[in-house]
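*Asks:* quick one, what's the 3D model for this:
(chains A, B, C and D, ligands or ions: 4)
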2 protein chains.
Amino acid sequence: MDNNSIFIEKLRSSGLRPTKQRLKICKLLFQRKETFHFTVGDLSKILKHKFKEKISLATVYNTIHSFKKKGYLKEIAINSDKTYFDTNTSDHHHFLDVTTNELIDLDDKDVKKVSIIKKIPGKKIKSIEVLVKIENNN
Amino acid sequence: MDNNSIFIEKLRSSGLRPTKQRLKICKLLFQRKETFHFTVGDLSKILKHKFKEKISLATVYNTIHSFKKKGYLKEIAINSDKTYFDTNTSDHHHFLDVTTNELIDLDDKDVKKVSIIKKIPGKKIKSIEVLVKIENNN
DNA sequence: AGAGTAATTTATAATGATTCTAAAGTAGTG
DNA sequence: CACTACTTTAGAATCATTATAAATTACTCT
Ligand SMILES: [Mn+2]
Ligand SMILES: [Mn+2]
Ligand SMILES: [Zn+2]
Ligand SMILES: [Zn+2]
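*Replies:* Ligands and ions are numbered 1, 2, ... in the order given. This is a model prediction of the structure:
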């Protein structure tokens, strides 16, 4: 699987040069079966362990912001302290395990259709997202 | 309405001394019909305008954190940039007007019961909250 | 009321995540 | 190869929040 050339194409097609830093970050973010939820700090640490050549923290920030702008990442707010990003860019629901602080995507079919009864004049609904906090039994 | 003595009682009963700073903050937060959503920065500015004697920013932070610990305030995460607090401490849903960044409480009866189909072994649901982003029609 | 104490307030410093800056390096173009 | 725009980078700046430590205040007990 030559994902690298896929990433090169992906970057080029959105006007971003496929630098080695961006390609490494692509590999880390987009070569997964599961959705990845992370902070820039997390990501920077993982990059440090995974690759020999250092990527500066500023570059990680720059890259994540470009990717967000291009629609490859979504910013999510579950905790006021840290900024989280999500490789699943669709509107979707989450489990948040409050004991581990882990986020898990919920599929649309895992939640019965949410319907909002109240209307606000002059406003329309843009998205509906559910956050389900979970904790250990007993 | 001598709310002041009510607040004094409320504070005393939870082991907090009713200082003049805390009483002013109580007035600002809890003498409202509508739920109040705010940041500590917001609150500090309002206090500055409303009262002649200055309350130091450190005290505002201290007070808000004590109030949260005592269960009089709830912290909510809707934006990664800022920490918001909510005078409605129950689990509840929100409209977020993305054009004005304004938060509006949704009553339970404004949202059809949300039911989560997926289960995670060993975990139980602690809360379910819906965030509905709204924007201008047209 | 006055003394003793523990809680509180406060100015200020420290922290830590994020953003900014400006210089050096690199990719695409011809 | 040369040119230019884009990108990376180290380090500084920013800003919200937290920590510190000294001064003040509230409560308790005589
Ligand atoms: Mn938090
Ligand atoms: Mn944000
Ligand atoms: Zn997600
Ligand atoms: Zn609310």
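*Asks:* and the residue of chain A nearest ligand 4?
*Replies:* Of all residues in chain A, A:Leu131 sits closest to ligand 4, at 13.4 Å by C-beta to the ion. To be clear about C-beta, it is placed using only N, CA and C from the backbone, and glycine gets the same treatment.
*Asks:* near DNA strand D at all, the helix or strand A:Leu11 falls within?
*Replies:* Take DSSP states H and E as the rule and A:Leu11 turns out to sit in helix A:3-13. No. Against DNA strand D, helix A:3-13 shows no contacts by C-beta under 7 Å from any atom of the strand, the least distance being 7.8 Å.
*Asks:* so after the helix or strand hosting A:Ile25, what's the next helix or strand?
*Replies:* Assigned by DSSP H and E, A:Ile25 belongs to helix A:20-30. Scanning forward in sequence from helix A:20-30 by DSSP H and E, the next helix or strand is strand A:37-38.
*Asks:* next, A:Ser80: secondary structure please.
*Replies:* Using DSSP: H, G, I helix; E, B strand; the rest coil, the structure places A:Ser80 in coil.
*Asks:* what about it, distance to chain B?
*Replies:* Noted for A:Ser80: a distance of 4 Å to chain B, by C-beta to the nearest C-beta, to the nearest Å.
*Asks:* report the buried residues of the helix holding A:Ile25.
*Replies:* The neighbour-count check on helix A:20-30 (16 or more other C-beta atoms under 10 Å in any protein chain shown) flags A:21-30 as buried.
*Asks:* did I read that right, the residue of chain A closest to ligand 4 in a strand?
*Replies:* Yes. Looking at A:Leu131 with three-state DSSP, it is inside a strand.
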